[in-house]
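Participant: with the sequence up front, the predicted model follows.
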Amino acid sequence: MRSATLALVLLAAACGSSNATSAPPETVDHAAAATSPSDMPPPAGTLRRSDVRAALSAGLGAFLQYVSFDVDHPVFRDPGHRFVGFRILELKGPRWAGIDLKPGDVVTAVNGFPIEHPEQAQQAFMSLAVASELRVDYERDGQPRSIRLAILDN
């Protein structure tokens, strides 16, 4: 279950988060402009509620095909041998473009929930159904970082 615990990070990629920029006026694709707003990628730094629901319906296992974590060696910190998080070993596929995560980063929390135990992961996962954002806290080279993606109702 620990590997499923960390799969929450993938929601950012699996939901189709986007860092797309708008095209200059002279290069607007008129066919794309005629499509409905739900067919367009969400604005950069956001996720659509419908995409989040679809990812939640697919379950944690669906996420695991896009990331590998070192679940056999959780990261602990002294003093007191305190749990920190799980290290990312590999990010698979192009869906990670624009997401500030890389192998070696240590995921420490999702939406404020620690992820050391399966029940904590389940609580974090279920909270996304009504959360206003997806926040992934992690460390890179021992320095804290955070990814925040607003969840837009549609």
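Facilitator: Okay, I see it. Residues are numbered from 1 along each chain as shown.

Participant: list the contacts for Gly112?
Facilitator: Counting by Cβ atoms under 8 Å, 6 or more residues apart in numbering, Gly112 touches 135, 137. Where you see a C-beta, it was placed from the backbone N, CA and C, and this is true even at glycine.

Participant: is Arg87 in contact with Val106, as I believe?
Facilitator: Yes: using Cβ atoms under 8 Å, Arg87 is in contact with Val106, at 5.1 Å.

Participant: shared neighbours of these two, which are they?
Facilitator: Common neighbours of Arg87 and Val106 (Cβ under 8 Å, 6+ apart) are Val75.

Participant: what are the bridge partners for Arg82, then?
Facilitator: Note on Arg82: beta-bridge partners by DSSP bridges are Arg77.

Participant: okay, now the unreliable bits of the protein?
Facilitator: Along the chain, the parts satisfying pLDDT under 70 run over 1-39, 60, 64.

Participant: that one: helices as residue ranges?
Facilitator: 2-6, 11-14, 30-33, 49-58, 60-63, 118-127 (DSSP state H).

Participant: how far away is Ser50 from Phe69?
Facilitator: 27 Å (Cβ to Cβ, to the nearest Å).

Participant: quick one, what contacts Val106?
Facilitator: By Cβ under 8 Å, 6+ apart, Val106 lies in contact with 75, 84-88, 138-140.

Participant: one more time with 6 Å, if that's ok
Facilitator: Listed by Cβ atoms under 6 Å, 6 or more residues apart in numbering, the contact partners of Val106 are 75, 84-85, 87, 138-139.

Participant: would JSON lines of those with neighbour count and distance to Leu128 be doable?
Facilitator: Listed next are these as JSON lines, based on neighbours: other Cβ atoms under 10 Å; distance: Cβ to Cβ, whole Å:
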{"residue": "Val75", "neighbour count": "15", "distance to Leu128": "24"}
{"residue": "Val84", "neighbour count": "17", "distance to Leu128": "22"}
{"residue": "Gly85", "neighbour count": "23", "distance to Leu128": "18"}
{"residue": "Arg87", "neighbour count": "20", "distance to Leu128": "23"}
{"residue": "Tyr138", "neighbour count": "24", "distance to Leu128": "17"}
{"residue": "Glu139", "neighbour count": "18", "distance to Leu128": "22"}
